[in-house]
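K.L.:
Just the structure for this:
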Amino acid sequence: MVHLDPVQARSNIRLGSSGETGIGPLLLLIEPEPVVGLDLADALRGAGLRVFGPLPDAASGLTLLPHVSPNYVVIGLLQGDEAGANLIVSLRLRSIPFVAHGSPDATGGVPVGALLYEPVLAQDIVASVLALPDGRAE
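P.N.:
Residues are numbered from 1 along each chain as shown. Got it, this is the predicted structure:
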């Protein structure tokens, strides 16, 4: 298990421009590449989603998850990231639909269901999120 420092993770969290009070499903965005994360956040907002993030890593997402109730999660996975595998397990236990993207071996052996391979376009991630079953009831 990865030891997480909630105070350190909290300093990396940024609310999207629509904040948490907008209309539409809440999506938690975890993306380690800052420019990609900002591009994804804009594309997801354009599709009518409220975006919390982007968070810089799966460890931050694990820390935040008990405190928010996202309808969906988008995870940018890094190879060998144990926290990413733990986050996937946690999302499944909470029945939160998610889209993951990264290299084919980025899940650490944890079955993902669907993994979009890098490089992937923001529009493909948005389309994948919109194709997910309805997220948690608000």
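K.L.:
Which stretches in the protein count as strands?
P.N.:
Assigned by DSSP state E, the chain shows strands spanning 26-30, 50-55, 72-76, 98-102, 115-117.
K.L.:
want to throw these into a markdown table with mean pLDDT and distance to Leu87?
P.N.:
C-beta here means a position set from N, CA and C on the backbone, and glycine is covered the same way. A markdown table is the format used below for the strands of the chain (pLDDT from 0 to 100; distance: least, Cβ to Cβ, whole Å):
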| stretch | mean pLDDT | distance to Leu87 |
| --- | --- | --- |
| strand 26-30 | 96 | 7 |
| strand 50-55 | 96 | 10 |
| strand 72-76 | 95 | 6 |
| strand 98-102 | 92 | 9 |
| strand 115-117 | 86 | 14 |
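K.L.:
Comparing these, which comes out most buried?
P.N.:
Among those, ranked by average contacts under mean count of other Cβ atoms under 10 Å, first place goes to strand 72-76 (a mean of 27).
K.L.:
Reformat the strands of the chain as JSON lines; add distance to Ala43.
P.N.:
As requested, those are exported to JSON lines (distance: least, Cβ to Cβ, whole Å):
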{"stretch": "strand 26-30", "distance to Ala43": "10"}
{"stretch": "strand 50-55", "distance to Ala43": "9"}
{"stretch": "strand 72-76", "distance to Ala43": "10"}
{"stretch": "strand 98-102", "distance to Ala43": "12"}
{"stretch": "strand 115-117", "distance to Ala43": "14"}
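K.L.:
Of all these, which one is nearest Ala131?
P.N.:
Ala131 sits nearest to strand 98-102 of all the strands of the chain, at 8.9 Å, using Cβ to Cβ.
K.L.:
gap between the closest one and the chain center?
P.N.:
Centroid displacement of strand 98-102 relative to its chain, using Cα atoms, centre = their mean, to the nearest Å, is 8 Å.
K.L.:
Great, nothing more from me.
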